[in-house]
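Enquirer: here are the coordinates; sequence isn't available:
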């Protein structure tokens, strides 16, 4: 259900050409189900993937080299989110997976469940959700985000258990939560960190703060808590890892074995004595602090080096997996820190035959081991106070080393250690990702988009057909754009993004109906006979067919509902007739012929046997047929026109905008045929009734107070307003009472959603049932747009459709519905609860929110005085305007404005109609005169204009400045001018003026200032 006061927006995601499994963008989260041998990954494309590792599930064998693994295979994936997945967790039993996303949601996915195959939302934040943490029991989940809140959620769907305000009610602007850790018995200790560089420790049961640790100097990116809750390990962008003691309330040690921002920590050791860490430079290190009296005597080994920052590292058995901004996931061999430390890399047998040479002797005593040894140049110094081997010649060129005395190898003096070289130089396996879209460019027609993917391929897309048009290979985006772009200007009707690696188009109520295109520009498989200069609304067009299955489903449900009502009506009628008296006894004919009767006969009977005197001349008349009262006579006054001629409840919506505007010279319409013969009829169509008499006119006005218009194509005769749900004028004092009564009704549905529209429509069906001929069934009030107005589109069935709640005070939008074009019909029950009323009006009644068209001002003058000024020949239709300083003083001009979509040829027709006959071309006896664009030419900045260019295009690409556009007209070529005055009617016919109004109209799309 949409939130009150929130705005709903509609998005659709164009399907990629390759629908293979795997991520399209970088991976942010990793989790392992060790029992099932499954790796889960969450990516920036909003996808959660599952991979079968096909590795031994027991502890690593001491026998090396081991057999090569079969390799990971794809298991399944789900489009869990519509924005980046920032973190994921999997339960110990592997049955539940929780993901946190920048789409503001926390979702639970049960990958092994057959009943639920899509993630379910268990919680929401008001800003990006950055991290997750959970106790080993996994009975609750903690999530933290940029809204400076830590929220604890019930995994079983019980909602929020508690909320911890890290931001201190707004007094802590750096209270965003980037890292969480849970430990202690039953998860009794919860630690958080973020940009304030402070580790805060909380009691998750009470929400009270236990303590806080200050010491880091930059954002805290990762936190681990020991099983007993006594130790906390934190990693920060200040390049350090700190170990904190909860009992001592202080930092025990600061580890500085990284030279860049530390992004991730991972440990399975109950006291965190062995852990992995990764940083922004791509270095992954393994640290072992066991059996040391001083942490400086611990050991830290460079395991591997990625080519980019490692956002997440996890380990299982003798393998580690790394996630980076790449769509691929690498598996590396882990390091056994119990083996000997030797001087050279070629000491001992190789751990992987792919990149490790065979065993050889080492400096000093030979070492024979079935496990690979650790070369000293792979060691990292744990802290600035750690010991440095005395024989390192260039300590500034390496990260120096600290090795526990219990495991220190015999290193002779004079040995050259060189720079730090990680143990692994190539991964054991790469789980391949795919190429996602990372950049886009919207062309001038606002219908096509160019994109670039991670491989550099440039592709052209069609936003209306929801498909790929052409691939241009690996080229520069700017070069391709210069080739395919057109010279035109179209209003912004959508926003486009590629943040999930696919092309997403977002439509909002305030802008999605702003853009139009001319029907003669449409490429259709089956041509349609459009009217001249008919325009198609782009937002209306694409929405009509994205939800085509929903419309079909609602039409089918509507028909079933009407059939059910008709059956009930027939049953009631049969019962009424069965219970009707066989005859009606009339009083004697002369009963009242002799004037007034006795006082007794003039008494109205009462239940107590006494009578009440009647007022003379007000007796109850005989049961004879009276005047027939039509349903329209029973309608309240507010359903018709007021005494002053204005319509009550003025509409703020329109079906087709041009249908409510008067026809005029510069109004070409937007898709409604001019005559009733041009309108294709639906199977159940009858002649439309007048707008003021439409049955559902008032209903549609009241669907949303002050925001719904009367139907222009009702199929049901006027009938009385439903007594059950009276519709009152907005200024009626009883309307407030009625509204409050509806809210108290448990069956009341908000009128801000599609379900509310349908409920009100069905109530009207019931209340007007008796107004019909008993042999007819109720006619449907659902009238979607016809192909003549919105030509048929066939978007791919797997095109994703998303409805989101977007609240201005929130950090983003949260999902209300996510499905596909093909699934909208079967998801009708869900969609009825989330589709906003403005979209419901469009889909069911072909109505869009009214918006004043954008107009552009321009001035029409002759080119170098070659032709007369039209201002002096308009016969009073055009008033003279101010004199232009750039034109000679003897030329008077007219300042005009018109719809931004007006084409230049319409302006030419306007000029041709107002020129004297001496400046019109001669007429042919057979063909008549030429069209205005054939002998007239419009100029702007001394450039001839294409007759099909619009005013918006002229302003954006030719005029290029503010103020009124100066347009000049002239004769084209060698056309001979001079027409006899007797051809006036022919002149108008060939100038195209027959489609315009000759009367000045203040509501005209072109007017004179």
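Expert: Arrived safely. This one's a predicted model, so the numbers in the text were calculated from it and none came from an experiment.

Enquirer: drop to CA atoms for contacts and neighbour counts, all remaining ones
Expert: Noted.

Enquirer: is it true that residue 822 touches residue 795?
Expert: No: Residue 822 lies out of contact with residue 795 (C-alpha atoms under 8 Å); the separation is 9.4 Å.

Enquirer: For this structure, which segments count as helices?
Expert: 477-484, 538-546, 548-578, 695-702, 733-744, 754-767, 828-834, 837-845, 904-914, 932-935, 951-953, 984-991 (DSSP state H).

Enquirer: Can you say which of the ones you listed is nearest to residue 200?
Expert: Ranking the helices of the chain by proximity to residue 200 (C-alpha to C-alpha) places helix 828-834 first, at 39.2 Å.

Enquirer: So which elements touch that closest one?
Expert: Using 3 or more C-alpha pairs under 8 Å, 6 or more residues apart in numbering; DSSP states H and E as the contact test, the elements touching helix 828-834 are helix 548-578, helix 754-767, strand 813-820.

Enquirer: need the ones you listed in JSON lines with distance to residue 291 and mean neighbour count, can you?
Expert: Shown next, in JSON lines, are the helices and strands packed on helix 828-834 (distance: least, C-alpha to C-alpha, whole Å; neighbours: other C-alpha atoms under 10 Å):
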{"stretch": "helix 548-578", "distance to residue 291": "67", "mean neighbour count": "15"}
{"stretch": "helix 754-767", "distance to residue 291": "67", "mean neighbour count": "20"}
{"stretch": "strand 813-820", "distance to residue 291": "50", "mean neighbour count": "21"}
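
Enquirer: Dump these into JSON lines; add distance to residue 203 as well.
Expert: Formatted as JSON lines, the helices and strands packed on helix 828-834 follow (distance: least, C-alpha to C-alpha, whole Å):
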{"stretch": "helix 548-578", "distance to residue 203": "48"}
{"stretch": "helix 754-767", "distance to residue 203": "44"}
{"stretch": "strand 813-820", "distance to residue 203": "29"}
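
Enquirer: And those: which comes nearest residue 968?
Expert: helix 548-578 (46.5 Å).

Enquirer: hey, which helix or strand in the protein has the poorest pLDDT?
Expert: Across the helices and strands of the chain, the lowest-confidence element by mean pLDDT, DSSP states H and E is helix 695-702, at a mean of 38.

Enquirer: Now tabulate the helices and strands packed on helix 828-834 in JSON lines and tack on mean pLDDT and distance to residue 800.
Expert: Below are the helices and strands packed on helix 828-834 laid out as JSON lines (pLDDT from 0 to 100; distance: least, C-alpha to C-alpha, whole Å):
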{"stretch": "helix 548-578", "mean pLDDT": "89", "distance to residue 800": "13"}
{"stretch": "helix 754-767", "mean pLDDT": "90", "distance to residue 800": "20"}
{"stretch": "strand 813-820", "mean pLDDT": "87", "distance to residue 800": "4"}
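
Enquirer: of all the ones you listed, which lies closest to residue 246?
Expert: strand 813-820 (37.5 Å).

Enquirer: Can you list the neighbours in contact with that closest one?
Expert: 1-2, 82, 103-105, 124, 797-807, 830-831, 834 (C-alpha atoms under 8 Å, 6 or more residues apart in numbering).

Enquirer: now stretch 17-32
Expert: Outside stretch 17-32, the residues touching it (C-alpha under 8 Å, 6+ apart) are 38-45, 47, 49, 74, 76-77, 85-90, 311-314, 316, 323-329, 432-437, 468, 500-501.

Enquirer: Just the buried subset of the residues you listed, written out for PyMOL, thanks.
Expert: Only the buried entries of these go into this PyMOL selection, using 16 or more other C-alpha atoms under 10 Å:
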select buried, resi 38+39+40+41+42+43+44+45+47+49+77+85+86+87+88+89+90+311+312+313+314+316+323+324+325+326+327+328+329+433+434+435+436+437+468+500+501
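
Enquirer: Just the contacts of stretch 17-32: which are in strands?
Expert: 38-43, 47, 49, 74, 76-77, 85-90, 312-314, 316, 323, 329, 437, 468 (DSSP state E).

Enquirer: closest one to residue 943 among the helices and strands packed on helix 828-834?
Expert: Comparing those under C-alpha to C-alpha, the one sitting nearest is helix 548-578, at 44.8 Å.

Enquirer: Show me where the stretch 501-650 of the chain dips below the pLDDT cut-off.
Expert: Low-confidence segments of the stretch 501-650 of the chain (pLDDT under 70): 583-650.

Enquirer: for it, what spans make up the strands?
Expert: 504-508, 516-518, 535-537, 603-605, 611-613 (DSSP state E, counting those that start in this stretch).

Enquirer: who touches residue 96 in this structure?
Expert: Taking C-alpha under 8 Å, 6+ apart as the test, what residue 96 contacts is 90, 108-111.

Enquirer: now do 10 Å
Expert: When contacts are counted by C-alpha atoms under 10 Å, 6 or more residues apart in numbering, residue 96 touches 33, 89-90, 108-113, 138, 155.

Enquirer: gap between it and residue 943?
Expert: 67 Å (C-alpha to C-alpha, to the nearest Å).

Enquirer: which intervals of the stretch 251-400 of the chain have sub-threshold pLDDT?
Expert: 344-371, 384-400.

Enquirer: Go again with 80.
Expert: For the stretch 251-400 of the chain, applying pLDDT under 80 flags the ranges 292-297, 343-372, 384-400.

Enquirer: What of the stretch 51-200 of the chain?
Expert: Using pLDDT under 80, the stretch 51-200 of the chain drops low at 56-70, 114-117, 167-172.

Enquirer: ok, 50 please
Expert: 60-68 (pLDDT under 50).

Enquirer: what about the strands in it?
Expert: Under DSSP E, counting those that start in this stretch, the stretch 51-200 of the chain gives strands at 73-79, 85-90, 97-101, 105-109, 120-124, 129-133, 140-145, 149-154, 159-165, 179-183, 189-193, 198-202.
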